[in-house]
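Undergrad: here is a sequence together with a model predicted from it:
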Amino acid sequence: MAEGRYATGFRLMVLLGVVANLVLAVPAVFAPNAVISLVGAAPVAETVWPAFAGWLLILLSLFYLPAAVDPDRYRVIAMLTVLARFAGVTFFTLLYPQLLLLALFDLFFGVTQGMLLLALGRR
């Protein structure tokens, strides 16, 4: 019974994380400076790189989907999904601490997905 709850919880948190990523990334592709301002940074003159970062976040999010479908079958992808969140936390905390909001965003998903995946693995 608990196994089903943990797997369902993990799936839902991964899907919620994908949706949250897309809510941030899709506008970043088309209006990078609007998203940059929203997260508390100064607008940039050349927007190709923030737009490309949004595009890469969309692609990264697609790689999370197998873990959301079946975290047991795609265990390595599930683990990488969690590790990628903590890599985001590290990136924003160490290199761009003014973007704390983005670090907290990844921290929330990393901790919740990580706890659910650990619980799922202990069955």
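TA: Here it is on my side, so go on.

Undergrad: residues in contact with the closest residue to G114 other than its chain neighbours?
TA: In this structure, G114 finds its nearest non-sequential neighbour in V82, 4.5 Å apart by Cβ to Cβ, 6 or more residues apart in numbering. C-beta here means a position set from N, CA and C on the backbone, and glycine is covered the same way. V82 makes contact with 110, 113-114, 117, according to Cβ atoms under 8 Å, 6 or more residues apart in numbering.

Undergrad: same check, this time on A41
TA: Here A41 is in contact with 96, 98-99 (Cβ under 8 Å, 6+ apart).

Undergrad: elements contacting the longest helix seen in the chain?
TA: Across the chain, the helix with the greatest residue count (assigned by DSSP state H) is helix 2-30. The helices and strands touching helix 2-30, judged by 3 or more Cβ pairs under 8 Å, 6 or more residues apart in numbering; DSSP states H and E, are helix 32-38, helix 48-69, helix 75-94, helix 100-121.

Undergrad: may I see the buried residues of the first one?
TA: In other words, helix 32-38. Buried residues in helix 32-38, counted by 16 or more other Cβ atoms under 10 Å: 32-33, 35-36.

Undergrad: check stretch 105-122 too.
TA: By neighbour count with 16+ other Cβ under 10 Å, stretch 105-122 contains the buried residues 105-110, 112-114, 116-117, 119-120.
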